[in-house]
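Colleague: Please find the sequence and the predicted model below.
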2 protein chains.
Amino acid sequence: MSMAKSTTLKDSRDRILDAAARLFLAQGFEGTSMRQLASEAGVNLAATNYHFGSKEGLMQEVLRRHLDRLSEERLRTLDALERAAGGKPLKPSQVVEAFFGSLLHLADNDAEGGTTFLRLLGRTLTEPAGFIRAFLAEEHKDVIERYRQALFNALPDVPRVEIVWRFNFMLGAASYAIAGTDTLRLVTGWEVEESDGGERFERLMARLMAFLLGGLRAPLPEFPYPLPAKNRGPGQPEFDSRRGR
Amino acid sequence: MSMAKSTTLKDSRDRILDAAARLFLAQGFEGTSMRQLASEAGVNLAATNYHFGSKEGLMQEVLRRHLDRLSEERLRTLDALERAAGGKPLKPSQVVEAFFGSLLHLADNDAEGGTTFLRLLGRTLTEPAGFIRAFLAEEHKDVIERYRQALFNALPDVPRVEIVWRFNFMLGAASYAIAGTDTLRLVTGWEVEESDGGERFERLMARLMAFLLGGLRAPLPEFPYPLPAKNRGPGQPEFDSRRGR
DNA sequence: GTAAAAATCAAACAGTCGTTTGATTTTTAC
DNA sequence: GTAAAAATCAAACGACTGTTTGATTTTTAC
């Protein structure tokens, strides 16, 4: 029978990938054993090394599987925006909405695996294991570079170091919000969500986006002492970014 | 000789605690072995279990050691603010500045161990190991409850669910920013810091606080569909929080 | 000084870890 | 149908895991 060609293969491979995403998310990379993973996926222990070589290789494949789609969408969205703007710089909110909004679309298309991957991605940014963050950075390098430049162009008056910091803050708020709602529940003791699935995620993104844009537009801090020259953008004195541009 | 009483004991205990904080931060809880830890601390392997019972017990002690000071300062600051306000609700910025500003003071007082602990604390909020987050939540419960109420009082017009979400976003941005600057460097390829020690941290906190307040003050998102009734604060219609109150 | 308590130590315990092997079964290609 | 390739399997490998033991040393208390 020829039509069953890749069915068995993909079945096994995909079951492993799905189980890996779930377990790495719930227990972390180091906290998940290959035996538990194989058991959860319903495959033989040796199958994991057969298909992915090593535990690290498996993790990379888990990430790459969805990360490629994310990268593509992010680049495509930015391309479209810049084409529509016709050479003029984008609004900061456009860049931020494109970057973080793409997460929403990823979750929409692939309802089950998509949201699991997103939460894993959020958690992965703080994973202690160095090779994971290194892999992520390498895999997403082009995308980051494009958005970085777009943000610089969108905020020509703001010192670049400040832009990078705010981008970092936004990454933190986003990854934390997406990765885990249980920490929120634990620490604040407040039940926060009710509705299910995509609708819930859509609300989360709307709330997150409002917060991120508010943070991005906030007035820059005034340090109690003069900044050393290398800390400013080229030729930029201290300044105050204006709200609600 | 009686004056050497607790010196040897504390030496050993503290060296273990210091090494544990460093290693748990750099490699995570699961990624750090007791042997590596004992070696780094320069003590016998069995000393760790002798002093702390288990690996979990050690982690809890690592956290508790500084967390108690943090809790105390947070409560004390809030007490002072509320006393000065004389029954009137605080400004939201006061609450946020008290909560996150206390981190700065903690880093100041105990220069070396303090910042290490703070970074560990930030990373711990996303640790997969459940008992760690559970311990943190239990240990910090009173503090969180006080600040939650203070925020509710400071923002009587804002639905409570929105306040909790924004608090969560702030926690994420803060823990991410404090825990790791290396992710930032890796992902953005941007070298961001130059000066050393406390001055560096003070700048970070100033930048962070500006971002957090901007996010907190942002207009609430408008959902594309009406909110179910239970999602609103008691008797609150939809509304727009005003900037720069 | 002496007995009790506290701390350190080398060694071992019972498991679990990621990975590999070689035989066996299933699928593919002609 | 048959040979090659791909996939699955039980079993084992050596290394590493957190923890415990019992002897030995150091510190405490009187």
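Modeller: All right, it came through fine.
Colleague: Show me what from chain A comes close to DNA strand D.
Modeller: Residues of chain A lying close to DNA strand D by Cβ under 7 Å from any atom of the strand are A:T8, A:L9, A:D11, A:S12, A:V43, A:N44, A:L45, A:A46, A:A47, A:Y50, A:H51. C-beta here means a position set from N, CA and C on the backbone, and glycine is covered the same way.
Colleague: Of the residues you listed, grab the buried ones for PyMOL.
Modeller: Buried members of the residues of chain A next to DNA strand D, defined by 16 or more other Cβ atoms under 10 Å in any protein chain shown, are picked up in PyMOL with:
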select buried, chain A and resi 12+43+47+51
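Colleague: Let me know the closest of the residues of chain A next to DNA strand D to chain B.
Modeller: Distance to chain B across those (Cβ to the nearest Cβ) is lowest for A:L45, with 20.0 Å.
Colleague: Three-state assignment for A:V143, please.
Modeller: helix (DSSP: H, G, I helix; E, B strand; the rest coil).
Colleague: repeat for A:D157
Modeller: coil.
Colleague: How much space separates it from DNA strand D?
Modeller: Relative to DNA strand D, A:D157 is positioned 51 Å away (Cβ to the nearest atom of the strand, to the nearest Å).
Colleague: Then A:E56?
Modeller: From A:E56 to DNA strand D the distance is 16 Å (Cβ to the nearest atom of the strand).
Colleague: Am I right that that residue is in contact with A:G130?
Modeller: No - with contacts defined as Cβ atoms under 8 Å, A:E56 does not count as touching A:G130, sitting 11.0 Å away.
Colleague: Could you list every helix and strand that the helix ranked longest in chain A packs against?
Modeller: The longest helix of chain A (DSSP state H) is helix A:55-85. If contacts are counted by 3 or more Cβ pairs under 8 Å, 6 or more residues apart in numbering or on different chains; DSSP states H and E, helix A:55-85 sits against helix A:7-27, helix A:45-52, helix A:92-109, helix A:111-124, helix A:130-139, helix A:141-154.
Colleague: Go through that helix and flag the buried ones.
Modeller: For helix A:55-85, burial by neighbour count (16+ other Cβ under 10 Å) applies to A:55, A:58-63, A:65-67, A:69-71, A:73-75, A:77-78, A:81-82.
Colleague: now check it, is it near DNA strand C?
Modeller: Yes - looking at helix A:55-85 against DNA strand C by Cβ under 7 Å from any atom of the strand, the contacts come from A:K55, A:E56.
Colleague: how distant is that helix from the center of its chain?
Modeller: 10 Å (Cα atoms, centre = their mean, to the nearest Å).
Colleague: again with stretch A:205-215
Modeller: That offset, for stretch A:205-215, works out to 15 Å (Cα atoms, centre = their mean).
Colleague: Turn the residues of chain A next to DNA strand D into JSON lines, columns for pLDDT.
Modeller: Conversion of those to JSON lines gives the following (pLDDT from 0 to 100):
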{"residue": "A:T8", "pLDDT": "37"}
{"residue": "A:L9", "pLDDT": "39"}
{"residue": "A:D11", "pLDDT": "86"}
{"residue": "A:S12", "pLDDT": "90"}
{"residue": "A:V43", "pLDDT": "94"}
{"residue": "A:N44", "pLDDT": "95"}
{"residue": "A:L45", "pLDDT": "95"}
{"residue": "A:A46", "pLDDT": "95"}
{"residue": "A:A47", "pLDDT": "94"}
{"residue": "A:Y50", "pLDDT": "96"}
{"residue": "A:H51", "pLDDT": "95"}
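Colleague: Contacts only, for A:L70.
Modeller: A:S102, A:L103, A:L106 (Cβ atoms under 8 Å, 6 or more residues apart in numbering or on different chains).
Colleague: surely the second one meets A:M205?
Modeller: Yes - applying Cβ under 8 Å as the test, A:L103 and A:M205 come out as touching, 7.0 Å apart.
Colleague: Those two: which is more packed in?
Modeller: A:L103 (25 against 22; other Cβ atoms under 10 Å in any protein chain shown).
Colleague: what mean pLDDT does the helix or strand hosting A:A174 have?
Modeller: Counting by DSSP states H and E, the element that carries A:A174 is helix A:160-179. Helix A:160-179 shows a mean pLDDT of 89.
Colleague: what angle sits between it and helix A:111-124?
Modeller: 130 degrees (axes from the mean of the first three to the mean of the last three Cα atoms, to 10 degrees).
Colleague: helices or strands up against helix A:160-179?
Modeller: Helix A:160-179 sits against helix A:92-109, helix A:111-124, helix A:141-154, helix A:197-217, helix B:160-179, helix B:182-188, helix B:197-217, with contacts defined as 3+ Cβ pairs under 8 Å, 6+ apart.
Colleague: any residue of the fourth one up close to chain B?
Modeller: Which is helix A:197-217. Yes - Helix A:197-217 lies within reach of chain B by Cβ under 8 Å from any Cβ of the partner chain, at A:203, A:206-217.
Colleague: Compute the number of surrounding residues for the closest residue to A:Q60 other than its chain neighbours.
Modeller: Leaving aside its sequence neighbours, A:Q60 sits nearest to A:F135 (Cβ to Cβ, 6 or more residues apart in numbering or on different chains; 5.4 Å). Residues within reach of A:F135, counting by other Cβ under 10 Å, total 18.
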